[in-house]
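> can you look at this prediction? I've put the sequence above it.
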Amino acid sequence: MLEADPAAKSFCERPGFMAVDGQRCVVDFWARSDDHECLVVLSEPTPATDCPRSRLDFDPEAFAVRHIDAAERAAARVWTGNWQRMLPVLVAARGLVMPSLRGAIERFVVSSQSLMTIEREFSTGDPALIRAAVFELLHCGRIQALELHTESLSFLTRFVAVQAKS
C-alpha cells in the first residue's frame, strides 16, 4: 500500500520499536510524505522478543501512528496485487523512460484508454517502456485507473489523465 501511494516519498520496513499497550512491539513501517511522517503498525502487533536493544525505540507521542487492520488490508488486496505486478516493471525501466513518452501518453489518455489501445498507439517504441511509462504516470498520480482497486490488471484496464476528471 505504501509503495503504490504517490504521496509516500520514502518509507522503511521495521525501523524499530514502540510501546503498544505497555508491550515493546515492532513498528511495521516508518513513512514520510511531503507534509508529514508517520509510523504504521499492523493490527496484530509483533512483540519484540529476541530483538536487539540497539534498535531505535520510537516515541509514539512524537509521530502520528497509523494502525492498519486486517479488514483494510483485505480490502486493498486486489490493489496491492496489481502493484506487485507493476512495481517490477517500474524498477526494471527506472531512468529509461523518456519524459517525452510520458507526456505523449498523458496527453493521449485525456479520454479514457485501455492499456491495449495505449500500447498499440505507441507501438513504434519498446512495449516494455510504454508500459513502464503508463505505470510511472499512475504511480506519480498523473493518471488513474480506478478499476485497479477491484479488478486485476489486464490489457482492458482503462487509464485516464487526472486533470481530465476535473
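Structure received.

> show me this structure divided up by domain.
10-71, 76-165 (automatic domain parsing).

> okay if I get these as CSV plus mean pLDDT and distance to residue 3?
In this view, the C-beta of every residue, glycine as well, is placed from N, C-alpha and C. Putting those into CSV (pLDDT from 0 to 100; distance: least, Cβ to Cβ, whole Å) gives the following:
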stretch, mean pLDDT, distance to residue 3
domain 10-71, 80, 8
domain 76-165, 94, 6
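
> most packed of these?
Across the domains of the chain, the average number of neighbours (mean count of other Cβ atoms under 10 Å) peaks for domain 76-165, which reaches a mean of 16.

> in this structure, which spans are strands?
Counting by DSSP state E, the chain has strands at residues 10-20, 23-32, 37-42, 46-47, 56-57, 64-68, 113-114, 143-144, 158-161.

> Throw these into a markdown table and include distance to residue 127, thanks.
Listed next are the strands of the chain as a markdown table, based on distance: least, Cβ to Cβ, whole Å:
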| stretch | distance to residue 127 |
| --- | --- |
| strand 10-20 | 30 |
| strand 23-32 | 33 |
| strand 37-42 | 35 |
| strand 46-47 | 42 |
| strand 56-57 | 44 |
| strand 64-68 | 35 |
| strand 113-114 | 14 |
| strand 143-144 | 18 |
| strand 158-161 | 15 |
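
> those: which one's closest to residue 87?
Nearest of the strands of the chain to residue 87, taken as Cβ to Cβ: strand 10-20 at 13.3 Å.

> which phi and psi does the closest residue to residue 19 other than its chain neighbours have?
Nearest non-adjacent residue to residue 19, counting by Cβ to Cβ, 6 or more residues apart in numbering: residue 60, 6.8 Å away. The phi and psi values for residue 60, taken as degrees, to the nearest 10, are phi -60, psi -20.

> how close does residue 60 get to residue 14?
16 Å (Cβ to Cβ, to the nearest Å).

> just residue 6 next, same as before
From residue 6 to residue 14 the distance is 23 Å (Cβ to Cβ).

> what sits against residue 155?
The contact partners of residue 155, taken as Cβ atoms under 8 Å, 6 or more residues apart in numbering, are 114-116, 119.

> tell me what the longest helix seen in the chain is packed against?
As assigned by DSSP state H, the longest helix anywhere in the chain is helix 77-92. Counting contacts by 3 or more Cβ pairs under 8 Å, 6 or more residues apart in numbering; DSSP states H and E, helix 77-92 is packed against helix 127-139.

> list the contacts of the helix it packs on.
Residues contacting helix 127-139 (Cβ under 8 Å, 6+ apart): 4, 6, 86, 89-90, 92-93, 96-97, 101-102, 105-106, 115, 118-119, 122-123, 143-145, 148, 159.
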